[in-house]
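Student: Here is a sequence together with a model predicted from it:
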Amino acid sequence: IQEGACEAQKVEGADVQTMHLGPSDYFGELALLNDAQRAANVTSLTDVKLLCLDRRTFGRMMGPLGGNLQDSSAKYSGV
């Protein structure tokens, strides 16, 4: 997210977990890293300016750092 605010919601049964995102936050990386469907729905709360990467470009840019990003995915345990 370059500008603006978003909200990520993950629904598991009757439980809804919410995470607020703003400038310099990112989302969707776990689906790209794990070749999986996205785990949450992200909705803009304000006008936003987003930067996006396709899977191939993301993989090239991350290279060996992809493992570090997977390790940091623990912050999503609440979402």
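Tutor: Yep, that arrived.
Student: so the residue nearest in space to the middle of the chain, which of the three states?
Tutor: In the chain, the centroid-proximal residue (CA atoms, centre = their mean) is residue 27; its distance is 1.5 Å. Put simply, residue 27 is coil when judged by DSSP: H, G, I helix; E, B strand; the rest coil.
Student: check contacts around it.
Tutor: 6, 8, 21, 40, 42 (CB atoms under 8 Å, 6 or more residues apart in numbering). For the C-beta atoms, the positions are set from N, CA and C on the backbone; glycine is no exception.
Student: in this protein, which spans are strands?
Tutor: 6-12, 15-21, 41-44 (DSSP state E).
Student: Format those as JSON lines; extra columns: mean pLDDT.
Tutor: Below are the strands of the chain laid out as JSON lines (pLDDT from 0 to 100):
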{"stretch": "strand 6-12", "mean pLDDT": "93"}
{"stretch": "strand 15-21", "mean pLDDT": "94"}
{"stretch": "strand 41-44", "mean pLDDT": "96"}
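Student: thinking again about what came up before, check the gap between the residue nearest to the centre of the chain and residue 14 for me.
Tutor: Look at residue 27 and residue 14: by CB to CB, to the nearest Å, they are 23 Å apart.
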